[in-house]
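give me the fold of what follows.
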Amino acid sequence: MDLLIGTSNAGKLAELQELLGGADVQLLSLKDVALDHMDVAEDATTLEENAELKVNAYSQASGLVTLADDTGLFVDALDSRPGIYPARYGGPGLTPKDRRQKLLGELQGVPAEKRTARFACVIAVANPQTGETTSVRGVCEGQIALEEDLGGGGFGYDPVFIPTGYDVTFSSIALDEKNRISHRGLAVALIIPVLRRMASTS
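Numbers count the residues shown, from 1 in each chain. All right, here's what the predicted structure looks like:
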């Protein structure tokens, strides 16, 4: 079954390609179906609503079974900011590094034990042929590091997020290990049975 991934984020797309390797689907990007110009307004108030806005828009435009996700970072000491808008945190025109530095700046002076945070990822899948839309949620607890991890990989806020049970950030955790414990990895594990069911009936 062809599966359209509703994102223009190269890091997220690469991660999903790895995570969905066992789902028996052929992944297509927005560029593959000439929808990379299409911008869906993410103006809802929950991750579930934003994921469903994206997945329904892209599935209707493409006619393909589509997967889209929405991710939030909730920092307790900042009243849950950045929340459901991590890519808008700090305002327009900032790079991911700028946003990480803003986050660390806001937490300046906050001790490690009070820097608790969690990533949440909602993945939605829509089948335009049947009208079915299903969403699942994965959550990874952790804390915000005292400083950015400059030597690792990852993307977004990975260089400043330390998952519970680890003493390094997502950026310094091997990809297969990260995929096992991350918010997106946990959500993908829940959505794979849905994709397999859709593939078997398509």
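
please count neighbours and contacts with C-alpha atoms only from this point.
OK.

which ones are touching the residue nearest the centre of the chain?
Centroid check for the chain by CA atoms, centre = their mean gives T71 as the closest residue, at 4.2 Å. T71 makes contact with L47, I84, P86, F119, A120, C121, V122 under the criterion CA atoms under 8 Å, 6 or more residues apart in numbering.

least trustworthy helix or strand in this structure by mean pLDDT?
helix 10-19 (a mean of 84; mean pLDDT, DSSP states H and E).

and stretch 95-103, which residues are buried?
Neighbour-count burial for stretch 95-103 flags P96, R99, R100, Q101, L103 (criterion: 16 or more other CA atoms under 10 Å).

of those, which belong to helices?
Mapping the buried residues of stretch 95-103 onto helices (DSSP state H) picks out P96, R99, R100, Q101, L103.

need those in a markdown table with pLDDT and distance to I192, can you?
Listed next are those as a markdown table, based on pLDDT from 0 to 100; distance: CA to CA, whole Å:
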| residue | pLDDT | distance to I192 |
| --- | --- | --- |
| P96 | 94 | 29 |
| R99 | 97 | 32 |
| R100 | 97 | 31 |
| Q101 | 97 | 35 |
| L103 | 98 | 33 |
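
ok, the residues you listed vs N127, which is closest?
Nearest to N127 out of these is P96 (CA to CA; 32.4 Å).

excluding its backbone neighbours, what's nearest the closest one?
Leaving aside its chain neighbours, P96 sits nearest to G156 (5.7 Å; criterion: CA to CA, 6 or more residues apart in numbering).

would you map the helices across this structure?
Using DSSP H, helices in the chain cover 10-19, 47-62, 96-106, 175-181, 183-201.

follow-up on the earlier one: and of the contacts of T71, the nearest to G63?
Using CA to CA, those come closest to G63 at V122, 21.8 Å.

number of nearby residues for the residue nearest to that closest one when sequence neighbours are not counted?
Once flanking residues are discounted, V122 sits nearest to R137: 4.4 Å by CA to CA, 6+ apart. R137 has 21 neighbouring residues, counting by other CA atoms under 10 Å.

which residues sit in contact with R137?
A120, C121, V122, I123, H183, L186, A187 are the contacts of R137 under CA under 8 Å, 6+ apart.
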